[in-house]
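# build the 3D model from these lines:
(2 chains, ligands or ions: 1)
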Amino acid sequence: MTFPAIRAKIEATSLLESWSERLDQLAQQQRTAAYAFVMGSCAELLAAFEIPLFLPEINCLQTAISGTAQGLLQHAEEQGYPSDICNYLKADVGLHLQGRRLPHKRLPAPCLAIATTACNTYIKWAEVWQRLYDMPLFVFDIPGTRNPGHPSQPGDPAFAADLAYMIEQLRDLISLCERITGRRLDPDRLSHALDCTNRMSRDFNAILKLNRQEPACFDAVRQGGAYLGVFNAFRGTDAGVRYFSNALEELQQIRQRCLREPVAEAPFRLLFAGLPCYPLYSRFIRMFSTQGGLFVSSTYLQFASGGGCMGYQYDTKRPVESFAEGLLLTTREAMDSMFLAGDRLFEAQAACRADGVVFHGVKSCRTVSTGLADARLALQSRSSIPTLLLESDMMDRRLISPAQMQNRIDAFFETLRLRRKAGAP
Amino acid sequence: MTCFHPPFTAGIDVGSTQTKAVLLDVSARIAGTAIIDTGFDVDAAAHNVYARLLAGAGLCADAIHTVAGTGYGRFRIAFGDLQVTEISCHARGAVHLFPATRTVLDMGGQDTKAIRVAADGGVIDFSMNDKCAAGTGRFLSAAAAVLEMPLDGLAAVAATGCNPVTISTTCTVFAETEILAWVARGKAINDILLGAHQAIASRSLALLKRVGLQPAITFTGGVSRNSCMVDQLERLLGSRLQVGEQTPFAGALGAALFARDRLMGLQQAVLP
Ligand code: SF4
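So this is what the prediction gives:
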């Protein structure tokens, strides 16, 4: 099951190209950027200070899709980086060791790095930049969910304490940005950036909800990846607002068309859990689509948007406090979607009316992959929905065996067809 | 030449080590089996095993209504009419041989699969270790090679062991070194081999647990011929395995059953 190349996918490509070009220009002008991660990027604060944002995870996945990652990984390994660490980190280190140059672009050096405790690797990774460039590193300690399944909410005393802690940390980061730029924070600019993210987040959330109904109108791994890229790189910007508003409108039109012209055979609705296989990105998705599979939802969109797709709305009248609250709630949401996947997948597969759940564990991201096999067992103990566990990597081709992957996928679809024939709901 | 027989169907399982074939008559009775080493030429292996199957049954190719291929080389069977994964085929074949089957352990030359099945032979869940050869027949081949013994003779020697060594590594490459180290330390060959069987059995148990251990458990694939492996698995499971002469052919049998569905005009539920 495939959809015609949709406009939002094409626009995402050109927006992300413009993002890369901007970074290239900065590098050429010897200017710097803030390095941050998708879970807790603080993009709106950086936009308010006009500090350019570089997201190394997005750059790394782009190198995997374009086929340049392997050389970067090898470069880092030759310098002694082991084979079993996060391959985003390793490819990025390889890139820095070769002078921040890729075949068609250069990247600016960091003036600041912002990490959160959402992933341990973030901190280790940022420490590598610190060693290389001797720039400031700010680590946000995000209070996690202490009662699994029951996170503290605004109004709870525990939440108030967590929020106060976040606000203190945010004030420290604001002071740091003021020192770096030599200017005070303009609350109006922060409010504007937060307002932009509010609108993007609301539309992103509405887009994801569209696929809960039948017929689904986009593939959550293929098109979802495009939405994700724009959300992360353009959050807090007018360009991001325009993009998501257009994308939502386009999908509503596609949905109307799908309703008017239903396909002869309904696709198998699949929920994707884990990280995509970027080195074989299109081929991986085709392995499913050619057999009638369609990813209607993906847990990747939750954690890789830093919880941004949940639709959280900042209060732009009190930008600093609300920014801290949003950072706490959305990053915690991203963490919970990974660490409490076992509890959440049951609801998620029911919400999107999935016919099957595909777990894709990647060797080099332990944060996401360690619990996937257990999450699968937890789901199976509550539901008879067919599941498939695949293992490969999001960067390193040496860890991917397409023939074995295809064999498992073939068997999974044989099961799905058997169930459909037997009248499974 | 024209054959005047009620139509038959055939299943061919092109595995990494051996290629197996099963012939079914219209009543789904096994009318013949054949097995050969796959070797490096997968196409030739499929042709040769099919020729041997037909010759054994005294049939010509015209008598075969449908040929289904399975195994990693299933798409290389030029004369195959349909292809089904070995996961679905082992499930179907195991339930056909032992209708009470709810879990299948298929141990082949290069991979081991645990499959949870429904009463109709449909796959509910599966788990496989196909990335590394630990816990597969390849582990035993490596042991046989390093001890310079015939593969077929391993089980009988291992069964006489009393004090099995612990093979701590699960990697086939390192297992060779470990086996040699035990030899150098003067350990008896039967105890070393028993240890190797136990190591594989315990890996398989972990795989079975991933799909849930629903009785009855049927052991299929080439290694199901190995009586010592059956004993070790039964010891770990604390229950009997369903195993028999035909279990090494379960994959090919399942393929032949899918071929028979086509002969009988049944919808190919697993196929697109
Ligand atoms: S370990 Fe996973 S979550 Fe952490 S940085 Fe690497 S890819 Fe991202």
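
# dump the residue contacts of A:Gly144.
A:117, A:332, A:335-336, A:339 (C-beta atoms under 8 Å, 6 or more residues apart in numbering or on different chains). C-beta coordinates here come from the backbone N, C-alpha and C atoms, glycine included.

# return a ChimeraX selection command for the buried portion of the residues you listed.
Burial among the contacts of A:Gly144 is assessed by 16 or more other C-beta atoms under 10 Å in any protein chain shown; the matching ChimeraX selection reads:
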select /A:117,332,335,336,339
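
# get me the contact residues on chain A for chain B.
Contacts of chain A with chain B, taken as C-beta under 8 Å from any C-beta of the partner chain, map to A:291-292, A:373, A:377, A:380, A:384, A:386-387, A:389, A:391, A:401, A:403-404, A:407-408, A:410-411, A:413-415, A:417-419, A:421-422.

# ok so, going back, closest to chain B among the contacts of A:Gly144?
A:Phe339 (20.8 Å; C-beta to the nearest C-beta).

# settle this for me: the closest one is touching A:Gly371, isn't it.
Yes: counting by C-beta atoms under 8 Å, A:Phe339 does reach A:Gly371; the two are 6.7 Å apart.

# which stretches of chain B have low pLDDT?
B:1-5, B:130-135, B:169-173, B:266-272 (pLDDT under 70).

# where do the domain boundaries of it fall?
Segmentation of chain B into domains, based on automatic domain parsing, reads B:1-98+B:245-272, B:100-241.

# is chain A contacted by the longest one?
Just to be clear, that refers to domain B:100-241. Yes: residues of domain B:100-241 contacting chain A under C-beta under 8 Å from any C-beta: B:120, B:122-128, B:130-131, B:210, B:212.

# what does chain A put close to the ligand?
Contact residues (C-beta under 6 Å from any ligand atom) of chain A with the ligand: A:57, A:86, A:88-89, A:119, A:121-122, A:365-368.

# among those, which ones are in strands?
Assigned to strands by DSSP state E, none of the residues of chain A next to the ligand qualify.

# pull the most distant pair out of these.
A:Glu57 and A:Arg366 (15.1 Å; C-beta to C-beta).

# look at those two and report which has more neighbours.
A:Glu57 (22 against 16; other C-beta atoms under 10 Å in any protein chain shown).

# surely that one touches A:Tyr88?
Yes: at 5.5 Å, A:Glu57 counts as touching A:Tyr88 under the criterion of C-beta under 8 Å.

# in what helix or strand does residue 250 lie?
Went with chain A since none was named. If you go by DSSP states H and E, A:Glu250 is part of helix A:238-260.

# switch to chain B, please.
Under the criterion of DSSP H and E, B:Ala250 resides in helix B:250-263.

# anything in that helix near chain A?
No: using C-beta under 8 Å from any C-beta, helix B:250-263 stays clear of chain A, with a minimum separation of 9.7 Å.

# who are the packing partners of that helix?
Counting contacts by 3 or more C-beta pairs under 8 Å, 6 or more residues apart in numbering or on different chains; DSSP states H and E, helix B:250-263 is packed against strand B:8-14, strand B:18-24, strand B:64-70, strand B:82-83, helix B:86-97, strand B:103-107, strand B:217-220.

# tell me which of the ones you listed sits nearest to A:Phe268.
Here helix B:86-97 is closest among the helices and strands packed on helix B:250-263 (C-beta to C-beta), at 16.0 Å.

# gap between the residue lying closest to A:Arg202 once chain neighbours are set aside and the ligand?
Nearest residue to A:Arg202, sequence neighbours excluded (C-beta to C-beta, 6 or more residues apart in numbering or on different chains): A:Gly311, at 5.5 Å. The gap separating A:Gly311 from the ligand is 22 Å, by C-beta to the nearest ligand atom, to the nearest Å.

# mind listing what A:Gly311 touches?
By C-beta under 8 Å, 6+ apart, the contact list for A:Gly311 reads A:201-202, A:204-206.

# before we move on, the earlier item: same question for the helix holding A:Glu250: list its buried residues.
Of the residues in helix A:238-260, those buried (16+ other C-beta under 10 Å) are A:239-244, A:247-248, A:250-251, A:254-255.

# mind putting those residues in JSON lines, pLDDT included?
Converted to JSON lines, those look like this (pLDDT from 0 to 100):
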{"residue": "A:Ala239", "pLDDT": "97"}
{"residue": "A:Gly240", "pLDDT": "97"}
{"residue": "A:Val241", "pLDDT": "98"}
{"residue": "A:Arg242", "pLDDT": "97"}
{"residue": "A:Tyr243", "pLDDT": "97"}
{"residue": "A:Phe244", "pLDDT": "97"}
{"residue": "A:Ala247", "pLDDT": "95"}
{"residue": "A:Leu248", "pLDDT": "95"}
{"residue": "A:Glu250", "pLDDT": "94"}
{"residue": "A:Leu251", "pLDDT": "94"}
{"residue": "A:Ile254", "pLDDT": "92"}
{"residue": "A:Arg255", "pLDDT": "92"}
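
# so what's the residue count around the residue nearest to A:Asp195 when sequence neighbours are not counted?
Leaving aside its chain neighbours, A:Asp195 sits nearest to A:Thr316 (5.0 Å; criterion: C-beta to C-beta, 6+ apart). Using other C-beta under 10 Å, A:Thr316 has 19 neighbouring residues.

# and A:Thr316, what pLDDT?
A:Thr316 is assigned 98 on the pLDDT scale.

# my guess is it meets A:Thr197, correct?
No: using C-beta under 8 Å, A:Thr316 is not in contact with A:Thr197, being 9.9 Å away.

# quick one, the longest helix along chain B and strand B:103-107 angle?
Longest helix in chain B, counting residues (DSSP state H): helix B:189-211. Per axes from the mean of the first three to the mean of the last three C-alpha atoms, to 10 degrees, the angle that helix B:189-211 makes with strand B:103-107 is 140 degrees.
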